[in-house]
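Participant: Need coordinates for the following:
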Amino acid sequence: MKPARILFVDDDDTLRRVLTRELSDLGFEVRALPSAQGVVEAVREDCPDAVLLDMRLPGTSGLEVLKQIRAADESCQVVVFTGHGAVPEAVEAMRLGAHDFLTKPARLEVIEQALRRAAEKHALIEDVARLKRALEPKAGTTGLLGQGPAIQRLRREIERVAASASSVLVQGENGTGKELVARNIHALSPRAEAPFVVVNCGAIPATLFESEVFGHEKGAFTGADRRRIGLCEAAHGGTLFLDEIGELPKAVQPVLLRAIQFGEVRPVGSERTRRVDVRVVAATNRRLSDMIARGEFREDLYYRVATLVIEVPPLRERREDVGELARAFIDRCAARSGRRLELDGEALRRLERYDWPGNVRELENAAERLSVMCDGEVVTADLVARYVERRDLSSAELPTLEIEDLERRAVVAALERHRGDKKAAAKALGIALKTLYNKLDRFGLRPAPASGADDEPADR
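Facilitator: Residues are numbered from 1 along each chain as shown. Now for the predicted structure:
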């Protein structure tokens, strides 16, 4: 365990020197000050677990210093030193929030026990605070951590868009938190008390799409042994979230367009349409405008779902938020196993320098790995280098098993290796040039063509 940090404030030079040495020998980390000057600054800078405070300091009242310490850090525990006959002063100190009081002279073992109890209480308070941060929902834009300009702008856009009834398209790379943005739009909207229903457009086969989204009647097809309400009706009055709408097969796009345009659905096997009142929020990591140009996505559907557009920034464009996100994820992971973990300065700097191609999702996974693999109480730079920073794909030890993530990294590496020459990159990857372009669209990667290269596929 880390040694408890103690701030010792006493104007008696001999006592201060001797007790500092004795407490250090007992395993405490001690900082000593001869007066009230600099005490508040030391509390703010060092965040001590406990303060051993003399009540009779030159030029100021120990009670006044106690008030200042409590104002600077309520979790810091103060043990006060008083002289004989100063019981009323000690009682007043306890009323102001002191953890304990000792009368001079006090035996070393008594001082040690008082300071250890104070440090344990401080640790308990810190644990409770960490658990609350990790497990309790935040007010407002829930889960959108960070204070940088990019995330602040995103919060403002969410709040403004939430008040509207128009459909919304949320665009951003994989792992940036598009569904979280969609849920916040719903939570801040007038429809917050109604359902939020997710349709995973890339996971539903085209043959089952109408049945899943619009429902079906009993006997509509083999295996339809009962009537089923579709996801669209289930979202009535609330929000229908079309996740990864860019993966939606073109064959079912006209059916979805009609449902959004007229607010009507017809279950499979039914002759009647049903009215539904839903707000549509869609998300994609692909550029739908490029898909429209290639004939892969209907332009009229695009304009129905993209009345309002929100761009979710990648993590590499909000590096100032990495520290807060990393600490929150590590706290949450550690709390699940009843541990306390800290992130040292160099580890944080390495995390902030890393590009995070998998964005916030990758950072969350990295925090889980660091929490599991950390033997002590501090996540170090060596752990970050070993378990977070990515190695070349040719390495036998791959830092992720997510296929899409590995594909993206392979594409980026091939393009870098061949200086943007897409034909050469496609050949190196063993795929057709058109397939490479499809992957570039899916991953939101549009590198400039190699100098002098004319590598557009003929059918584009």
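
Participant: so where's the stretch 1-150 of the chain uncertain?
Facilitator: 1-2, 84-87, 127-142 (pLDDT under 70).

Participant: Okay, helices next: where are they in it?
Facilitator: Along the stretch 1-150 of the chain, the segments classed as helices by DSSP state H, counting those that start in this stretch run 13-25, 39-46, 62-72, 87-95, 108-135, 149-162.

Participant: Now do the fourth one and helix 62-72, the angle between them.
Facilitator: Relative orientation of helix 87-95 versus helix 62-72 (axes from the mean of the first three to the mean of the last three C-alpha atoms, to 10 degrees): 0 degrees.

Participant: now swap in the second one and tell me
Facilitator: Taking the same axes, to 10 degrees, one finds helix 39-46 and helix 62-72 inclined to each other by 30 degrees.

Participant: buried ones in helix 39-46?
Facilitator: For helix 39-46, a neighbour-count test (16 or more other C-beta atoms under 10 Å) marks Val39, Ala42, Val43 as buried. No exception for glycine: its C-beta is placed from N, CA and C like everyone else's.

Participant: Export the helices of the stretch 1-150 of the chain to TSV and append columns for distance to Trp356.
Facilitator: Shown next, in TSV, are those (distance: least, C-beta to C-beta, whole Å):
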stretch	distance to Trp356
helix 13-25	41
helix 39-46	30
helix 62-72	35
helix 87-95	49
helix 108-135	21
helix 149-162	13
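
Participant: Of all the ones you listed, which one comes closest to His236?
Facilitator: helix 149-162 (19.1 Å; C-beta to C-beta).

Participant: by contact count, what packs against the closest one?
Facilitator: helix 178-187, strand 308-311 (3 or more C-beta pairs under 8 Å, 6 or more residues apart in numbering; DSSP states H and E).

Participant: can I get the CA coordinates of the next helix or strand after the shortest one in PDB?
Facilitator: If I follow you right, that is strand 308-311. Counting by DSSP states H and E, the next helix or strand C-terminal to strand 308-311 is helix 322-336. What follows is helix 322-336, C-alpha atoms only, in PDB (Å, rounded to 0.1, in the frame of the first residue of the first chain):
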ATOM      1  CA  VAL A 322      -8.300  11.900 -22.400                       C
ATOM      2  CA  GLY A 323      -7.200  12.300 -18.800                       C
ATOM      3  CA  GLU A 324     -10.700  12.700 -17.400                       C
ATOM      4  CA  LEU A 325     -12.000   9.800 -19.500                       C
ATOM      5  CA  ALA A 326      -9.100   7.600 -18.500                       C
ATOM      6  CA  ARG A 327      -9.500   8.300 -14.800                       C
ATOM      7  CA  ALA A 328     -13.300   7.700 -14.900                       C
ATOM      8  CA  PHE A 329     -12.900   4.400 -16.800                       C
ATOM      9  CA  ILE A 330     -10.100   3.200 -14.500                       C
ATOM     10  CA  ASP A 331     -12.000   4.200 -11.400                       C
ATOM     11  CA  ARG A 332     -15.100   2.300 -12.600                       C
ATOM     12  CA  CYS A 333     -13.100  -0.800 -13.500                       C
ATOM     13  CA  ALA A 334     -11.200  -0.700 -10.200                       C
ATOM     14  CA  ALA A 335     -14.400  -0.100  -8.200                       C
ATOM     15  CA  ARG A 336     -15.900  -3.300  -9.500                       C
END
